[in-house]
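**Q** structure of the sequence below:
(one chain, ligands or ions: 1)
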Amino acid sequence: MLAMSEKIAVITGASSGFGLLTTVELAAAGYRVVATMRNLERRHLLDDALRQKNASAKVDVRPLDITNIAAIPGVIDKIVADYGRIDLLVNNAGFAMAGFLEDVTLEELRRQFETNFFGHVVVTKAALPAMRRQRSGHIVMVTSIGGRCGSPVIGSYSASKFALEGWSESLRIEMQALGVQVVLVEPGAYKTDIWDRNSQISPVTLDPASPNYPRARRFSDYALKQVHKRDAREVAQLILRIAETPKPKMRYVAGTDAWIQLLLKTLLPWRTYERIIAKTVKIDRLD
Ligand SMILES: NC(=O)c1ccc[n+]([C@@H]2O[C@H](COP(=O)([O-])OP(=O)(O)OC[C@H]3O[C@@H](n4cnc5c(N)ncnc54)[C@H](OP(=O)(O)O)[C@@H]3O)[C@@H](O)[C@H]2O)c1
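**A** Just a heads-up that it's a prediction; the model follows:
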């Protein structure tokens, strides 16, 4: 039975990482969460985490692959029919396609955009009529610091996140008069499956015949050492705070690494900035 004051949240990519942890934070804080995931066989991790917080009853797990564009409106309409409203939509599902842009195929780039851009666009558009009727609602887009600063070797990912940032900035202004809050969350590197289980690398970049292969190897060694340090619960807790803020800011940067990169990009002359980035990620010299 739905309590009158219970807020309804919908989240994509709830089987892992930020999506799983945000579902737990929201449920523990009293939200009714419709936690969607593309593969229900992976729900046991979420189920275990919810049990530990005594929050299982607050979560309704449903299947949703955000690249299945034709299915999305039906899934969202059914949620609205079942719960009557959507107070919070967290567009979180995503992955990173690695590879030098010279090597990444158009097909791979399109695949990156299908999930990280078009998937979120279609889910959001499906939720907007309910929020328009309500004259309220929060839409949180999990983008990345890579959506503010073009990142080498994950340029396809950066491009998809830049696209989502531009779309969301425009949407925010359009929805202001309707009381709907569109917010960008821009994390740096956090420990989730995006770096291993879900990482995708363009096969051409991995081919020793690629002229970029040695630089790709050095980048990979650097990236594997650098990432997976911060606790992803920070981002889940941030999303809960945003959900609880009636008029949130447009952007929330998360993580010291993200702040440092943004400050360097903002403050340094571009030529200095790009030299530092190339050197840091070990792609500044050819072999
Ligand atoms: N971790 C970081 O350092 C970091 C930094 C900046 C931004 N982000 C962003 O944070 C978001 C969440 O990623 P994460 O770090 O939590 O990684 P993650 O642990 O790999 O989680 C990604 C989630 O997205 C789901 N997913 C992928 N493609 C999907 C699709 N087509 N339809 C539905 N679900 C799909 C995955 O499902 P499966 O479990 O089935 O694979 C998984 O639940 C992404 O948008 C990512 O770009 C992450």
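
**Q** who does the strand ranked longest in the chain touch, helix- and strand-wise?
**A** Counting residues, the longest strand found in the chain (DSSP state E) is strand 180-187. Strand 180-187 makes packing contacts with helix 120-134, strand 137-142, helix 155-175, helix 233-243, strand 251-254 when contacts are defined by 3 or more C-beta pairs under 8 Å, 6 or more residues apart in numbering; DSSP states H and E. Glycine gets a C-beta too; all of them are placed from N, C-alpha and C.

**Q** let's go with 6 Å and repeat that
**A** strand 137-142, helix 155-175, strand 251-254 (3 or more C-beta pairs under 6 Å, 6 or more residues apart in numbering; DSSP states H and E).

**Q** give me whichever of the ones you listed is most buried.
**A** Among the helices and strands packed on strand 180-187, ranked by average contacts under mean count of other C-beta atoms under 10 Å, first place goes to strand 137-142 (a mean of 25).

**Q** before we move on, back to that, could you list the paired strands of the longest strand of the chain along with their orientation?
**A** Within its sheet, strand 180-187 is paired with strand 137-142 (parallel), strand 251-254 (parallel), according to DSSP bridges.

**Q** K125: which of the ones you listed is closest?
**A** Among these, the nearest to K125 by C-beta to C-beta is strand 137-142 (10.7 Å).

**Q** how far off helix 120-134 does the closest one point, in degrees?
**A** 160 degrees (axes from the mean of the first three to the mean of the last three C-alpha atoms, to 10 degrees).

**Q** chain center to strand 137-142: distance?
**A** Remark: strand 137-142 is offset 11 Å from the chain centroid, using C-alpha atoms, centre = their mean, to the nearest Å.

**Q** how about the strands paired with strand 180-187 in JSON lines, adding mean pLDDT and distance to S158?
**A** Output for the strands paired with strand 180-187, formatted as JSON lines (pLDDT from 0 to 100; distance: least, C-beta to C-beta, whole Å):
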{"stretch": "strand 137-142", "mean pLDDT": "98", "distance to S158": "15"}
{"stretch": "strand 251-254", "mean pLDDT": "98", "distance to S158": "15"}
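
**Q** closest to the ligand out of those?
**A** Closest to the ligand of the strands paired with strand 180-187, according to C-beta to the nearest ligand atom: strand 137-142, at 4.4 Å.

**Q** picking up where we left off before, so in that sheet, which strands flank the helix or strand following the longest strand of the chain, and in what orientation?
**A** Scanning forward in sequence from strand 180-187 by DSSP states H and E, the next helix or strand is strand 200-201. Strand 200-201 pairs in its sheet with strand 97-98 (parallel), by DSSP bridges.

**Q** quick one: the strand it pairs with near the ligand?
**A** No - for strand 97-98 and the ligand, the contact criterion (C-beta under 6 Å from any ligand atom) is not met; the two come no nearer than 10.6 Å.

**Q** off-centre distance for stretch 211-224?
**A** The answer for stretch 211-224 is 24 Å, by C-alpha atoms, centre = their mean.

**Q** one more: stretch 148-157?
**A** 14 Å.

**Q** name the residues that touch it?
**A** Residues from elsewhere that reach stretch 148-157 (C-beta atoms under 6 Å, 6 or more residues apart in numbering): 96-98, 101, 104, 109, 112, 146, 158, 186, 219, 261-262, 265, 281, 283.

**Q** then that stretch to CSV, C-alphas only?
**A** Listed next in CSV are the C-alpha coordinates belonging to stretch 148-157 (Å, rounded to 0.1, in the frame of the first residue of the first chain):
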residue,chain,number,x,y,z
ARG,A,148,32.9,18.9,-18.8
CYS,A,149,36.5,18.1,-19.9
GLY,A,150,37.1,16.1,-23.1
SER,A,151,39.1,13.0,-21.9
PRO,A,152,41.7,11.4,-24.2
VAL,A,153,41.2,7.7,-24.9
ILE,A,154,37.6,7.8,-23.7
GLY,A,155,36.6,10.5,-26.2
SER,A,156,33.5,8.6,-27.3
TYR,A,157,32.4,8.5,-23.7
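
**Q** thank you, goodbye.
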